[in-house]
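Participant: I'll drop the sequence and a predicted model, then ask my questions.
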Amino acid sequence: MKTIKTAENLHGHLGPFLVMGVRMGLLGLKKLKTKKGDEKLSIVVSLKYSTPISCVLDGIQTSTKCTFGNKKLKLKKLDNPSKISAKFSLNNKKWVEISINPSFLKRLKEKLFGEKFSKDMRKLAYLVASTSEKEIFIVKQNVPNL
(Lines give C-alpha, C1' and ligand atoms only; values in the text may rest on other atoms or scores of the structure.)
Protein backbone atom coordinates (compact mmCIF):
# COMPACT_ATOMS: atom_id res chain seq x y z
CA MET A 1 0.00 0.00 0.00
CA LYS A 2 1.42 3.34 -1.10
CA THR A 3 0.32 5.23 2.05
CA ILE A 4 2.16 2.78 4.31
CA LYS A 5 5.34 3.18 2.22
CA THR A 6 5.00 6.98 2.43
CA ALA A 7 4.54 6.71 6.22
CA GLU A 8 7.60 4.46 6.48
CA ASN A 9 9.69 7.02 4.56
CA LEU A 10 8.54 9.85 6.84
CA HIS A 11 8.89 7.86 10.06
CA GLY A 12 12.20 6.15 9.27
CA HIS A 13 11.14 2.50 9.67
CA LEU A 14 8.13 0.22 9.37
CA GLY A 15 6.43 -0.91 12.56
CA PRO A 16 3.03 -2.06 13.81
CA PHE A 17 1.99 1.17 15.51
CA LEU A 18 2.85 3.22 12.41
CA VAL A 19 0.64 0.93 10.30
CA MET A 20 -2.09 1.14 12.94
CA GLY A 21 -2.01 4.94 12.63
CA VAL A 22 -2.21 4.80 8.83
CA ARG A 23 -5.21 2.46 9.05
CA MET A 24 -6.90 4.63 11.71
CA GLY A 25 -6.49 7.68 9.48
CA LEU A 26 -7.84 5.95 6.38
CA LEU A 27 -10.79 4.53 8.31
CA GLY A 28 -11.59 7.96 9.78
CA LEU A 29 -11.62 9.49 6.29
CA LYS A 30 -13.82 6.67 4.98
CA LYS A 31 -16.33 6.92 7.83
CA LEU A 32 -16.64 10.70 7.43
CA LYS A 33 -16.81 10.34 3.63
CA THR A 34 -14.02 12.84 3.15
CA LYS A 35 -10.56 12.94 1.59
CA LYS A 36 -6.98 13.36 2.70
CA GLY A 37 -6.23 17.06 3.14
CA ASP A 38 -9.84 18.17 3.76
CA GLU A 39 -9.58 21.67 5.26
CA LYS A 40 -12.57 20.99 7.56
CA LEU A 41 -10.96 17.92 9.14
CA SER A 42 -9.29 17.97 12.55
CA ILE A 43 -8.15 15.11 14.77
CA VAL A 44 -7.52 14.66 18.48
CA VAL A 45 -5.41 11.60 19.29
CA SER A 46 -5.42 10.20 22.83
CA LEU A 47 -2.53 7.94 23.78
CA LYS A 48 0.48 7.48 26.02
CA TYR A 49 3.17 9.66 24.47
CA SER A 50 6.01 7.14 24.40
CA THR A 51 7.45 4.87 21.75
CA PRO A 52 6.37 2.65 20.17
CA ILE A 53 2.78 3.81 20.87
CA SER A 54 3.44 7.38 19.69
CA CYS A 55 4.35 6.03 16.22
CA VAL A 56 0.57 6.00 15.62
CA LEU A 57 0.80 9.80 15.23
CA ASP A 58 3.06 9.63 12.16
CA GLY A 59 0.71 7.14 10.52
CA ILE A 60 -2.30 9.39 11.09
CA GLN A 61 -0.41 12.45 9.82
CA THR A 62 0.64 10.64 6.66
CA SER A 63 -2.81 9.27 5.83
CA THR A 64 -4.82 12.44 6.56
CA LYS A 65 -2.48 15.46 6.12
CA CYS A 66 -3.59 16.64 9.56
CA THR A 67 -0.32 17.58 11.30
CA PHE A 68 0.91 19.34 14.41
CA GLY A 69 2.33 22.05 12.15
CA ASN A 70 -0.98 22.91 10.49
CA LYS A 71 -2.71 22.63 13.89
CA LYS A 72 -5.22 20.09 12.59
CA LEU A 73 -3.76 17.35 14.79
CA LYS A 74 -3.83 17.62 18.57
CA LEU A 75 -2.49 15.23 21.18
CA LYS A 76 -4.18 14.34 24.45
CA LYS A 77 -1.55 12.59 26.56
CA LEU A 78 -2.74 9.62 28.60
CA ASP A 79 -0.99 7.68 31.35
CA ASN A 80 -2.61 4.40 30.32
CA PRO A 81 -0.63 2.59 27.57
CA SER A 82 -3.64 0.37 26.82
CA LYS A 83 -5.83 3.17 25.46
CA ILE A 84 -5.29 4.53 21.98
CA SER A 85 -8.00 6.51 20.19
CA ALA A 86 -8.45 9.24 17.60
CA LYS A 87 -11.49 11.49 17.21
CA PHE A 88 -11.90 12.78 13.65
CA SER A 89 -14.14 15.86 13.29
CA LEU A 90 -15.45 17.83 10.33
CA ASN A 91 -15.95 21.42 11.53
CA ASN A 92 -16.65 19.95 14.99
CA LYS A 93 -20.07 18.78 13.74
CA LYS A 94 -19.74 15.33 12.21
CA TRP A 95 -17.30 13.09 14.04
CA VAL A 96 -16.07 9.54 14.36
CA GLU A 97 -13.96 8.14 17.18
CA ILE A 98 -11.75 5.17 16.41
CA SER A 99 -10.18 3.24 19.29
CA ILE A 100 -7.86 0.28 19.28
CA ASN A 101 -9.64 -2.82 20.52
CA PRO A 102 -7.98 -3.62 23.89
CA SER A 103 -7.89 -7.36 23.14
CA PHE A 104 -6.08 -6.75 19.83
CA LEU A 105 -3.64 -4.38 21.51
CA LYS A 106 -2.93 -6.94 24.22
CA ARG A 107 -2.19 -9.65 21.62
CA LEU A 108 0.01 -7.25 19.66
CA LYS A 109 2.02 -6.32 22.75
CA GLU A 110 2.46 -10.01 23.64
CA LYS A 111 3.90 -10.62 20.18
CA LEU A 112 5.95 -7.42 20.31
CA PHE A 113 7.69 -8.51 23.47
CA GLY A 114 7.76 -12.20 22.55
CA GLU A 115 10.90 -13.87 21.29
CA LYS A 116 9.70 -14.68 17.75
CA PHE A 117 8.48 -11.28 16.61
CA SER A 118 10.47 -8.74 18.62
CA LYS A 119 13.42 -8.95 16.27
CA ASP A 120 11.33 -8.32 13.17
CA MET A 121 9.04 -5.33 13.51
CA ARG A 122 8.15 -5.64 9.82
CA LYS A 123 6.34 -8.94 10.54
CA LEU A 124 4.21 -7.22 13.15
CA ALA A 125 3.56 -4.33 10.76
CA TYR A 126 2.35 -6.81 8.13
CA LEU A 127 0.18 -8.48 10.77
CA VAL A 128 -1.51 -5.14 11.54
CA ALA A 129 -1.85 -4.37 7.83
CA SER A 130 -3.56 -7.70 7.11
CA THR A 131 -5.89 -7.94 10.13
CA SER A 132 -9.54 -6.94 9.59
CA GLU A 133 -10.71 -3.48 10.68
CA LYS A 134 -13.37 -5.07 12.89
CA GLU A 135 -10.73 -6.99 14.82
CA ILE A 136 -8.45 -3.98 15.38
CA PHE A 137 -10.81 -1.03 15.82
CA ILE A 138 -13.85 0.03 17.80
CA VAL A 139 -15.79 2.79 16.01
CA LYS A 140 -18.22 5.30 17.52
CA GLN A 141 -19.77 8.05 15.44
CA ASN A 142 -22.46 10.69 15.30
CA VAL A 143 -22.77 10.47 11.54
CA PRO A 144 -26.03 8.72 10.58
CA ASN A 145 -26.17 5.99 7.93
CA LEU A 146 -22.44 5.42 7.57
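Facilitator: Great, that's in hand. Here the structure is a predicted model, which means the values were calculated and not measured.
Participant: what are the ranges of the helices in the chain?
Facilitator: Applying DSSP state H to the chain gives helices spanning 2-11, 16-31, 55-64, 102-112, 121-130, 133-136.
Participant: So which residues make contact with the first one?
Facilitator: Which is helix 2-11. Contacts to helix 2-11, defined as C-beta atoms under 8 Å, 6 or more residues apart in numbering, come from residues 14, 18-19, 21-22, 26, 55, 58-59, 61-63, 125, 129. Yep, even glycine has a C-beta here, placed from its N, CA and C like the rest.
Participant: Any idea which residue is closest to the centre of this structure?
Facilitator: Nearest to the mean C-alpha position of the chain, by C-alpha atoms, centre = their mean, lies Gly21 at 2.3 Å.
Participant: That one touches Cys55, doesn't it?
Facilitator: Yes. Contact criterion C-beta atoms under 8 Å: Gly21 and Cys55 qualify, at 6.7 Å.
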